[in-house]
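In: A structural model of the following input is requested.
(chains A and B)
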Amino acid sequence: MKTSKIIVSLLLLISAFLVGCSNNDSEQSANGTTTIDFAIHVANPAEQEPAFYQLIEKFQAENPDIKINLIGKEQQEHVKSIKMMSQSDKLPDVFWMLPASAAELQDAGMLMELNEFIDGNPDIKDALNENMLNTYVADGKQYGLPYQPLVTGLFYNKALFDQYGVKVPQTYEELTAVTKVFEQNGITTIAKGAKDEYSVWAFLTMLSRYGYFDKIDAILAGEESYNNQDFVNYYAKIDELRKLGAFPDNVSTQSYFQAVEQFLNGQAAMLDSGMWDVQKIEQSKIGKDVGFWWGPTFKDGVGNQQVSSVVPAAPLLVSKKVGEDEAKKEAILKLFKFYYGEEGTQIMAENQVPPMTNAEVTINEEEHPLFKRLVDQIQLEGWESQPNQPDLVVPEAIANAMYDSIYGVINGTYTPKQAAKVVADKISETN
Amino acid sequence: MRWFSSNKNKLLMLLPTVLLYLAYILMPIVIAIYYSFTKFTGIGTPQYVGMSNYQRLFSDPIFIIALKNTFIVLFVTLLILIPGAFLLSLLLNKKMKGLGTIRAINYSPSIIAPIMVGLIWVFILDPQIGLINTFLTKIGLGELTFQWIGGETLTPFSVAIVQSWQSLGYIATIFLAGLTLIPKDLYEAADIDGASKFQQLIHVTIPLLNETFKLNIILVITLCFKIFETVLQLTNGGPNHLSDVLVTYMYSTTFTAGEYGYGMAIAVASLVATILFAGAFLGLFTLGKRVSNKEGV
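Out: Alright, predicted model coming up:
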């Protein structure tokens, strides 16, 4: 009797221990307040994503009956956590996710359709740029909405261009010419850090200028190869820039964040980055002298060369379970209406996030000269955005192979042909 | 007392540990093996693909590089660490002033988080900003500057040096514990027989530290097969995976590229390699002991 009691107690203890490791379900509609669990890809949203954080704060202030429980984790940790939760069917109510994984969650039937929101808000539907909506549609179902617009390109230090008597380039040939001048004067032309392989934004837009979006569907379907002459030509251009000394000597051991510092310290003429660095650059000592450029056009490029990059960032998704809770669903749709409406867009703009709608926003040029220049570039006549960022329309494994191929050429590890083959091989493996 | 030591009670007392071991050690291994036979991105249902992930290992050049790098790290670490830690323990076993402080300093690298160790060594090894190359250039020996990290060949050797630096005190402490257990009478007897200090080392100390050597070598093997943070901080496996070791490659495949199935195949292969290597070493050790015993007879 005694022994069996001990066994039962032990088993209960262990069960309690194991159960204690699992998450509790989120609080719902307690005391008339609807709580939304919102999982986000940064550990400290207030500091790392001020635009988003202020928008959420304002929404809560205007809607005291809705509480938003922000769950912030560093991006890789966040993605892992969402994947784990998807396995136990415990997705948070609203969450940020990488595009390829978002499509997989939709395929697995774990997301709530947002068609009702889009159709119920024609003003938002009409205001959102076309690619912002179309990217997260599958079989006519809107399964996600962009978190923010993703604007990427090359920031340049005008003072350095003036100091060495060179013009900001427009074409690839002009870029090689300025590279030679900077190299002779000990200045890095484009600050980059291969330790963070994903930091290749401007180079992905350059890939679009070699017909990436004309080919990618056929490539993924196995009807064409990634290892084609146009893409090899693209890698050959990066190789030529490497040989001319366009990149930092320690690019292979430098991180993206060190590359940013290199640019801010005036040691590099350009930085491959995006809108998220605007605030940091504006607050630096070179802030007033920085401009923004979409990157070079190519004589041997394919199709339109005046390609900019204003694409939807990773999407916000809603768990399918939300659809079963009317109060929560209503609260989330209310949040989205605020988020994508004029007020939300203005809060974003005040925090240097460009609009993803055609809404008019006020920008204080005195305080935010670089942000104004970036928005001017977005509205530049004759330039058309690529529909998406090339890495965001393929599975994660292929996207990583693309990063690897670009940095492989920058590091001098791969020849242009080897680089194209690395991605082609990964596509074959993934299929 | 008899009731307390009955078999039933022994089993009962072991039960919590066994259950926790099953839940947190064996179950994850079994789950990893299961996923290694699937194609899985972490979302939806895993798709059974048989042995294809394992077949892919043999044709994957990066896996071969990661395996080769792991073995380089292992052999270089064994070569530096085992003799180095043994000699250090001999020094620490001497009676001298401030011995306690010296022992504490010697052990200190072991208590630093590996990610911090990596960061410290980036500032020493980096080809452009690192202490070594800057120093060599300043004293006019620029031709001796190399790409200690971030190049195509030297990174695993540098990782081995960093690993040895970090583990030296830890391994030396284990040797030291072994040395203190050797009875002093044996050295007195050897003295009376006229054995020199070197002969005492070869014929008394080393044979009596047999088990300690074995333990330390197994520890170094397992340490090297699970090196992660140091490589992550030094190069993040770059350039282009050329400095990846098994664990960093497994991590990037699983969590960065989202190939959970293949990543688990790499993890299982690493586990098997560790067991085989440690087993082979133990086998060789036992064989060597038998041969020497026979020769003694």
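
In: switch to C-alpha atoms for all contacts and neighbour counts from now on
Out: Fine.

In: what's the domain layout of chain A?
Out: As assigned by automatic domain parsing, chain A contains the domains A:25-146+A:313-340, A:150-309+A:372-430.

In: now, of those, which is deepest in the fold?
Out: Burial of the domains of chain A is given as mean neighbour count (mean count of other CA atoms under 10 Å in any protein chain shown); domain A:150-309+A:372-430 ranks first at a mean of 20.

In: gap between the helix or strand containing residue B:287 and the chain center?
Out: Element membership of residue B:287 [criterion: DSSP states H and E] is helix B:260-296. How far helix B:260-296 lies from its chain's middle: 13 Å, per CA atoms, centre = their mean, to the nearest Å.

In: same for it, what does it pack against?
Out: helix B:27-36, strand B:38-39, helix B:52-59, helix B:210-225, helix B:246-251 (3 or more CA pairs under 8 Å, 6 or more residues apart in numbering or on different chains; DSSP states H and E).

In: if we can go back for a sec, lowest average confidence across the domains of chain A, which one?
Out: Mean pLDDT per stretch puts domain A:25-146+A:313-340 lowest among those, at a mean of 91.

In: Now the residue of chain A found nearest chain B: which helix or strand?
Out: Closest contact between chain A and chain B, by CA to the nearest CA, is at residue A:397 (4.2 Å). Assigned by DSSP H and E, residue A:397 belongs to helix A:396-411.

In: Can I get that helix in CSV, CA atoms only?
Out: Extracted C-alpha coordinates of helix A:396-411, given in CSV (Å, rounded to 0.1, in the frame of the first residue of the first chain):
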residue,chain,number,x,y,z
GLU,A,396,13.9,29.0,-47.0
ALA,A,397,16.5,26.5,-48.1
ILE,A,398,16.7,27.9,-51.6
ALA,A,399,16.8,31.5,-50.3
ASN,A,400,19.7,30.5,-48.1
ALA,A,401,21.5,29.0,-51.1
MET,A,402,20.9,32.3,-52.9
TYR,A,403,22.6,34.3,-50.1
ASP,A,404,25.4,31.7,-50.0
SER,A,405,25.9,32.1,-53.8
ILE,A,406,26.1,35.9,-53.7
TYR,A,407,28.5,36.0,-50.7
GLY,A,408,30.4,33.1,-52.3
VAL,A,409,31.3,35.4,-55.2
ILE,A,410,31.9,38.4,-52.9
ASN,A,411,34.3,36.3,-50.7
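
In: So what touches the helix or strand that it is followed by?
Out: Beyond helix A:396-411 on the C-terminal side, the first helix or strand identified by DSSP H and E is helix A:416-430. Identification of contacts with helix A:416-430 by CA atoms under 8 Å, 6 or more residues apart in numbering or on different chains yields A:220, A:222, A:225-228, A:231-236, A:239, A:397-398, A:401-402, A:405-406, A:408-409.

In: Which other helices and strands does the helix holding residue A:397 contact?
Out: helix A:229-243, helix A:416-430.

In: repeat that for 10 Å
Out: In terms of contacts (3 or more CA pairs under 10 Å, 6 or more residues apart in numbering or on different chains; DSSP states H and E), helix A:396-411 is packed against helix A:99-107, helix A:201-208, helix A:229-243, helix A:416-430.

In: Please, which helix or strand holds the closest residue to residue A:340 other than its chain neighbours?
Out: In this structure, residue A:340 finds its nearest non-sequential neighbour in residue A:124, 6.6 Å apart by CA to CA, 6 or more residues apart in numbering or on different chains. Assigned by DSSP H and E, residue A:124 falls within helix A:122-127.

In: swap in residue A:155?
Out: In the assignment (DSSP H and E), residue A:155 maps to strand A:149-157.

In: and what of residue A:217?
Out: For residue A:217, the host element (DSSP H and E) is helix A:212-220.

In: Test my guess that residue A:183 contacts residue A:164.
Out: No - between residue A:183 and residue A:164 there is no contact under CA atoms under 10 Å: 11.0 Å.

In: low-confidence ranges in chain B?
Out: B:1-3, B:295-297 (pLDDT under 70).

In: Pull the contacting residues for the most centrally placed residue in it.
Out: When CA atoms, centre = their mean is applied to chain B, the residue found nearest the centroid is residue B:223 (2.2 Å). By CA atoms under 10 Å, 6 or more residues apart in numbering or on different chains, the residues touching residue B:223 are B:74, B:77, B:163, B:167, B:217, B:274.

In: again with residue B:120
Out: B:114, B:162, B:230, B:233-234.

In: And residue A:406, by the same measure?
Out: For residue A:406, the contacting residues are A:194, A:197-200, A:203-204, A:234-235, A:238-239, A:412, A:414, A:416, A:419-420, A:423, B:240, by CA under 10 Å, 6+ apart.

In: what angle separates the helix holding residue A:397 from helix A:229-243?
Out: Interaxial angle, helix A:396-411 versus helix A:229-243 (axes from the mean of the first three to the mean of the last three CA atoms, to 10 degrees): 40 degrees.

In: the inter-axis angle of helix A:396-411 versus helix A:201-208?
Out: Using the same axes, to 10 degrees: helix A:396-411 against helix A:201-208 is 100 degrees.

In: for helix A:396-411, the distance to its chain's centre please.
Out: The answer for helix A:396-411 is 16 Å, by CA atoms, centre = their mean.

In: and it with helix A:416-430, angle?
Out: If you take the same axes, to 10 degrees, helix A:396-411 sits at 170 degrees to helix A:416-430.

In: how about the helices of the stretch 1-150 of chain A, start to end?
Out: Secondary structure of the stretch 1-150 of chain A (DSSP state H, counting those that start in this stretch): helices at A:2-20, A:45-48, A:50-62, A:75-87, A:99-107, A:115-120, A:122-127, A:130-134.
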